[in-house]
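Asker: Sequence first, predicted model second:
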Amino acid sequence: MITFYFYWLSAFFCLAGCNKTRVIDDVDLLMLVGFDWIDESKEYLGTELFPRYGLSEDSHDRRVGVFSAKGYTTQQIHSNIQSKVPNKIESGKLLGIVLGEELAREGVNEVLYGISEDPNIGRGLFVAIAKGTASELLSTNYNTDHILPIFLKDLMKTQSNNSLPPVNLHQYNYSYYGEGMDPYLPILANKDNQIQLIGLGFFKGDQLTYEIDYNRLFYFRILFENSTNTEFDLLTEKIGHLSIVAIESTLKKKWVSKNKLELHVTIAGTLTESYNQKLTSFSNKAEIEGTIKKKLEKETKQLIEDLQKHDVDPLRIGASAKATFRDWQEEKWKEEYPTVEITPVITFNLKQTNIVH
């Protein structure tokens, strides 16, 4: 028995010794990367960010190393940057990719495909578009409590729990390669030396074709999927400004015919600062619900028409048609999609606990 235990213990240590180890002071952990398109030379400009170790990745240590290089492939860019960095670059902790606006309009697949081929990189990292260039956005010294890679990761996570639909490399690839759907990516910008989410960009193929601003994200979210714990503000002609929080919504697609679809959205939310709306009776409550319903139907209908006008299908209407009709054909659908009659049908219920009796 003792002999068996000895051999088992020896084997354990031999196997443990086979693991590839890295001393943290001898490597640079790549945490954020950006890409821009240089039209003159037909190549990319890559920007890579590493935390500068001293306080390690402590959230209060805002020191970040920023290195840039040009190249025709992501691997060439990475190799060129490695030639400037004294330590070995490890990509296993990459959190996100930021794509310059011009690159997004030129086509992003070559870059994202190159990233996706790296086995050390997960598919859950966020992907975003920079308004302007990624290099400028990522090289600016922002006044944040976290280093920029962690700040952006947290920003994307927070927004995904609010008005922004799920967005990461896996989601992009799923929408790009899937039939009857088009990808979308969030848009970031530097506003008064603060980096913030300003909208959502929609792609035809791998090219940015159309975008909406932050104020319309909620309308897209409720048409895209079920959501919880979201919030939005809207201005109505009849009542004025309204703030709705703690929103839960459900979405159901109902095909009336092959060229007519109804998007049934049921929403429940709580009205804040209700005193200004004189919410003193259930009749007032019904009036406000009706006003919000009309406003939401108007805005969502306009968004649907804009998406069809630009021939992008981020709502995955085509995928729904494919699942419903046996004779669905992708090429034929591409011709039919802009003319399909898509009608949002909104039901809004106000969850209000402070009605004065």
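Answerer: That came through fine.

Asker: Which neighbouring residues are in contact with the residue lying closest to residue 207 once chain neighbours are set aside, exactly?
Answerer: Spatially, and ignoring its direct neighbours in sequence, residue 207 is nearest to residue 107 (5.2 Å; CB to CB, 6 or more residues apart in numbering). In this view, the C-beta of every residue, glycine as well, is placed from N, C-alpha and C. By CB atoms under 8 Å, 6 or more residues apart in numbering, the contact set of residue 107 is 205, 206, 207.

Asker: Isn't residue 221 up against residue 163?
Answerer: Yes: Residue 221 lies in contact with residue 163 (CB atoms under 8 Å); the separation is 5.3 Å.

Asker: which residues do these two both contact?
Answerer: Contact criterion CB under 8 Å, 6+ apart; residues shared by residue 221 and residue 163: residue 230.

Asker: just to revisit the earlier point, quick one: which of the contacts of residue 107 is most hemmed in?
Answerer: Among the contacts of residue 107, residue 206 has the most neighbours (other CB atoms under 10 Å), with 18 neighbours.

Asker: on that earlier part again, dump the contacts of residue 107 to CSV, plus distance to residue 42, secondary structure and pLDDT.
Answerer: Shown next, in CSV, are the contacts of residue 107 (distance: CB to CB, whole Å; DSSP: H, G, I helix; E, B strand; the rest coil; pLDDT from 0 to 100):
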residue, distance to residue 42, secondary structure, pLDDT
205, 19, coil, 95
206, 16, coil, 96
207, 16, strand, 98
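
Asker: Just give me the closest of the residues you listed to residue 326.
Answerer: Minimum distance to residue 326 across the contacts of residue 107 is 26.7 Å, recorded for residue 205 (CB to CB).

Asker: Spit out the contact partners of that closest one.
Answerer: By CB under 8 Å, 6+ apart, residue 205 lies in contact with 107, 109, 176.

Asker: What of residue 248?
Answerer: 227, 228, 229, 267, 268, 269.

Asker: Take those residues and keep only those in strands.
Answerer: Using DSSP state E to define strands, the subset of the contacts of residue 248 located there is 227, 228, 229, 267, 268, 269.

Asker: Tell me the bridge partners for the second one.
Answerer: According to DSSP bridges, the residues that bridge with residue 228 are residue 248.

Asker: And the pLDDT for it?
Answerer: Among the per-residue scores, residue 228 shows a pLDDT of 89.

Asker: which helices and strands does whichever strand or helix holds residue 113 pack with?
Answerer: Assigned by DSSP states H and E, residue 113 belongs to helix 109-116. Here helix 109-116 touches helix 74-82, strand 96-100, helix 169-177, going by 3 or more CB pairs under 8 Å, 6 or more residues apart in numbering; DSSP states H and E.

Asker: List the buried residues for the first one?
Answerer: To tie it back to what came earlier, the one meant is helix 74-82. 74, 76, 77, 78, 81, 82 (16 or more other CB atoms under 10 Å).

Asker: okay, these in JSON lines with distance to residue 89 and pLDDT next?
Answerer: Compiled in JSON lines, those are given as follows (distance: CB to CB, whole Å; pLDDT from 0 to 100):
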{"residue": "74", "distance to residue 89": "13", "pLDDT": "92"}
{"residue": "76", "distance to residue 89": "14", "pLDDT": "94"}
{"residue": "77", "distance to residue 89": "11", "pLDDT": "95"}
{"residue": "78", "distance to residue 89": "7", "pLDDT": "91"}
{"residue": "81", "distance to residue 89": "7", "pLDDT": "94"}
{"residue": "82", "distance to residue 89": "5", "pLDDT": "93"}
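
Asker: out of those, which one sits closest to residue 157?
Answerer: Within these, the smallest distance to residue 157 is 24.9 Å, found for residue 74 (CB to CB).

Asker: got a list of what the closest residue to the closest one other than its chain neighbours touches?
Answerer: With sequence-adjacent residues excluded and distances taken as CB to CB, 6+ apart, residue 74 is closest to residue 114, at 3.6 Å. Residue 114 makes contact with 73, 74, 75 under the criterion CB under 8 Å, 6+ apart.

Asker: How much space separates the last one from residue 117?
Answerer: Distance, residue 75 to residue 117, using CB to CB, to the nearest Å: 9 Å.

Asker: can you list residues touching both of those two?
Answerer: In contact with both residue 75 and residue 117: no residue, using CB under 8 Å, 6+ apart.

Asker: Include pLDDT and distance to residue 169 when you put the contacts of residue 205 into TSV, please.
Answerer: As requested, the contacts of residue 205 are exported to TSV (pLDDT from 0 to 100; distance: CB to CB, whole Å):
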residue	pLDDT	distance to residue 169
107	97	16
109	94	12
176	96	10
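
Asker: Tabulate those (TSV), appending distance to residue 347.
Answerer: Output for the contacts of residue 205, formatted as TSV (distance: CB to CB, whole Å):
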residue	distance to residue 347
107	40
109	40
176	33
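
Asker: which residues of the protein score low on pLDDT?
Answerer: 1-25, 53-62, 273-283, 352-357 (pLDDT under 70).

Asker: Could you point out the longest helix of it?
Answerer: Scanning the chain for the helix with the most residues, using DSSP state H, yields helix 282-309.

Asker: Would you mark the buried spots in that one?
Answerer: 284-285, 288-289, 291-293, 295-297, 299-301, 303-304, 307-308.

Asker: Quick one: list the elements packing against the helix or strand just after that helix.
Answerer: The helix or strand immediately downstream of helix 282-309 is helix 317-324, counting by DSSP H and E. Helices and strands touching helix 317-324, by 3+ CB pairs under 8 Å, 6+ apart, are strand 240-257, strand 260-271, helix 330-336.

Asker: that older thread, out of the helices and strands packed on helix 109-116, nearest to residue 147?
Answerer: Between the helices and strands packed on helix 109-116, strand 96-100 lies closest to residue 147; by CB to CB that is 12.4 Å.

Asker: Nice, that's everything, thank you.
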